[in-house]
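[1] The sequence and its predicted three-dimensional model are supplied below.
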Amino acid sequence: MSNDEALPTTFEDAYDRLRKSIEELEAGPLPLEVAIARYEEGMKLAQMCNEMLDQAELRIKHVLRESDGEAGAS
Amino acid sequence: MRQAYDQPALGAHFFRVPDLVGYIRAVFAADPTLADVWVWGELAELTQSAAGHTYFTIRDGPAKLPAVMFRSALRRQTLPLAAGYSALVHGSVGIYEQRSIFQLVADIVLPGDAGALRAHFEAMRMRLEQEGLFAQERKRPLPRLPRRVGIVTSEAGAVIHDMLNVWSRRYPALELVLAPSAVQGEEAARQIVSALARLTSFHASQPEGEGLDVIILARGGGSAEELAPFNEERVARAIFSSPVPVVCAVGHETDYTIADLVADLRAPTPSAAAELVVPDRADLHRDVSRLLERGKAGLTRQLTTVRTALERARQQLERRAPARLVDEQRRRVDDLSARGSRAISSTVALAQTRVHARESQLAALSPLTVLNRGYAICTAAGGAVLMDAVLASPGERVGVRLARGRIVSEVVERELPAEANPREEAHVER
């Protein structure tokens, strides 16, 4: 609920936010509704993490060839 | 040899021969340069000793250096030693005490051309080392969860496929940026440097935090010649100046290339490098569930805290609740009224007992009770009780009340008591 940020788009982001939510929850007394919100958020993020891991498809995003780059020509 | 200095009376250093030779040997042995030298020259005057050592001379123009390669070193020596070979010899210079000559105790003899290459290589290696290119403290840690991995390798061949296989299985949530490069041959070193430069400028062009997390420089195993590009200084410097940590995976287990030494991490093979840079997805699934478990425990703890506080508050509130106060008052009233009614009923009971007692008393005194014993009450016509016969004249009617019922009688005769007034006549009938 504190995070109105966009949903994480990468596993690292999702995992990182999951870890933070959980640590906050563990750290100490939170207002009840915040604690519940953290937990719900954690559940959502955990699900996203799992889905991202299972659905991710390895891809070669860029191929930087000598001719496309600034690289020194022969 | 300290003895030599301990005899100042003689004014000079006197030695016995073995002491002097021993002293010279110690001087040679203490010199770090002499312990580790490369000498380039032509092999000559080779002789085999009975013990299996090879004695020879290294010549360079008119200069000559006696040398020996002991049997143990000869066993590891791949190039056969032969007179006339131009060679690069490595070893340490020491004193052969029996003949009081100095000699090179050789451990490596390389063929001349490769030897020159090697010497050049060693010189460069040392220079780079002194510059700090291999320093452990500049090795950067790899990110735990990389997102973008840059790869420098050949686009053809098994290496890239092996790595892709590892990642598909272990951790497919990766974006790969491939900078293809030849990894052997004349062009390779220049192309590797250029590929690293392309990755560097790609990295720099990305928004903060979205660049490359790690770069892998990879090729399969090969001969020393094939690996030569990875020993070139410009490659070493390109790796050194990379803003992104570099993992070097040149497929050979035993020998290290300069590139391996400069890289932030060295992997024995490209597949091993692929594994090293990413976590295993199964582990991550486990991590996620473990985090969630911790979260559940945390939430439960917090809920318990809240619940306990709530319960405490509820109890406090209850103790002060108006309903409770009313109840208490009501109980007090009930108490009082119970006591009241108890008191009243005992008073009544007491009164009743008393009444009963009076009643019995009364009953005992009642004239009716007397009648029950067989007495009767006689009343005159006016209703007055007759107590004197003189008041009842014969012929007069009197009422007689019995224990049960009543009769009317007529006075037939009367007897007056003697002492009584005789004039009065009463008719009493019995």
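    Perfect, thanks for sending it.

[2] can you give me the helices in the chain?
    Defaulting to chain A. For chain A, the helices defined by DSSP state H cover A:11-27, A:32-55.

[3] hm, I was asking about chain B
    Under DSSP H, chain B gives helices at B:2-5, B:17-30, B:71-76, B:112-131, B:158-170, B:188-205, B:233-240, B:258-262, B:270-277, B:281-319, B:322-365, B:367-372.

[4] Can the fifth one be said to contact chain A?
    Yes: residues of helix B:158-170 are located near chain A by Cβ under 8 Å from any Cβ of the partner chain, namely B:L164, B:W167, B:S168. (Each C-beta comes from the backbone N, C-alpha and C, glycine too.)

[5] Quick check: the first one touching A:L58?
    Okay, so that is B:L164. Yes: between B:L164 and A:L58 there is a contact at 6.4 Å, judged by Cβ atoms under 8 Å.

[6] Might you report the residue contacts of B:V235?
    Residues near B:V235 by Cβ atoms under 8 Å, 6 or more residues apart in numbering or on different chains: B:A189, B:I192, B:V193, B:P229, B:I258, B:A259.

[7] Dump these into TSV; add distance to B:F102 and neighbour count as well.
    What follows is the contacts of B:V235, written out as TSV (distance: Cβ to Cβ, whole Å; neighbours: other Cβ atoms under 10 Å in any protein chain shown):
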residue	distance to B:F102	neighbour count
B:A189	41	24
B:I192	44	26
B:V193	45	22
B:P229	40	26
B:I258	33	24
B:A259	39	25
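
[8] Show me which pair in those is furthest apart.
    By the measure Cβ to Cβ, B:V193 and B:I258 form the most distant pair in those, at 13.2 Å.

[9] quick one: the closest residue to chain A within the stretch 251-400 of chain B from A:L30, how far?
    Distances between the stretch 251-400 of chain B and chain A by Cβ to the nearest Cβ are smallest at B:G298, namely 3.8 Å. Per Cβ to Cβ, to the nearest Å, B:G298 is found 9 Å from A:L30.

[10] more neighbours, the two?
    B:G298 (23 against 18; other Cβ atoms under 10 Å in any protein chain shown).

[11] Next, the contact list for A:R59, please.
    With contact taken as Cβ under 8 Å, 6+ apart, A:R59 is in contact with B:E175, B:L176.

[12] Let me know how buried B:E232 is, in neighbour terms.
    Per other Cβ under 10 Å, the neighbour tally for B:E232 reads 20.

[13] Correct me if wrong: it contacts B:I239.
    No: judged on Cβ under 8 Å, B:E232 makes no contact with B:I239 at a distance of 10.7 Å.

[14] So which bits of chain A are right by chain B?
    Residues of chain A lying near chain B by Cβ under 8 Å from any Cβ: A:10-12, A:15, A:18-19, A:21-22, A:25-26, A:29-30, A:32, A:35-36, A:38-39, A:42-43, A:46, A:49-50, A:52-53, A:56-66, A:69-72, A:74.

[15] Tell me the pLDDT of the closest residue to A:E24 other than its chain neighbours.
    Computed as Cβ to Cβ, 6 or more residues apart in numbering or on different chains, the closest residue to A:E24 that is not its neighbour in sequence is A:R38, at 5.7 Å. Note on A:R38: pLDDT of 86.

[16] residue ranges with poor pLDDT in chain A?
    By pLDDT under 70, the low-scoring segments of chain A are A:1-5, A:68-74.

[17] list the contacts for B:T379?
    Listed by Cβ under 8 Å, 6+ apart, the contact partners of B:T379 are B:V385, B:L386, B:V398, B:G399, B:V400, B:R401.

[18] quick check, nearest of these to B:R266?
    For the contacts of B:T379, the residue nearest B:R266 by Cβ to Cβ is B:R401; the value is 145.7 Å.

[19] how many neighbours does the residue nearest to A:E24 have?
    25.

[20] Might you report the residue contacts of it?
    Going by Cβ under 8 Å, 6+ apart, A:R38 touches A:S21, A:I22, A:E24, A:L25, A:L30, B:G295, B:L299.

[21] if we go to 6 Å?
    By Cβ atoms under 6 Å, 6 or more residues apart in numbering or on different chains, A:R38 lies in contact with A:S21, A:E24, A:L25.

[22] Please, a PyMOL command that selects the buried ones among those residues?
    To isolate the buried ones among these in PyMOL, judged by 16 or more other Cβ atoms under 10 Å in any protein chain shown, type:
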select buried, chain A and resi 21+24+25
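
[23] Chain neighbours aside, what residue packs nearest to B:Y171?
    Of all residues not flanking B:Y171 in the chain, B:V278 sits nearest, at 3.9 Å (Cβ to Cβ, 6+ apart).
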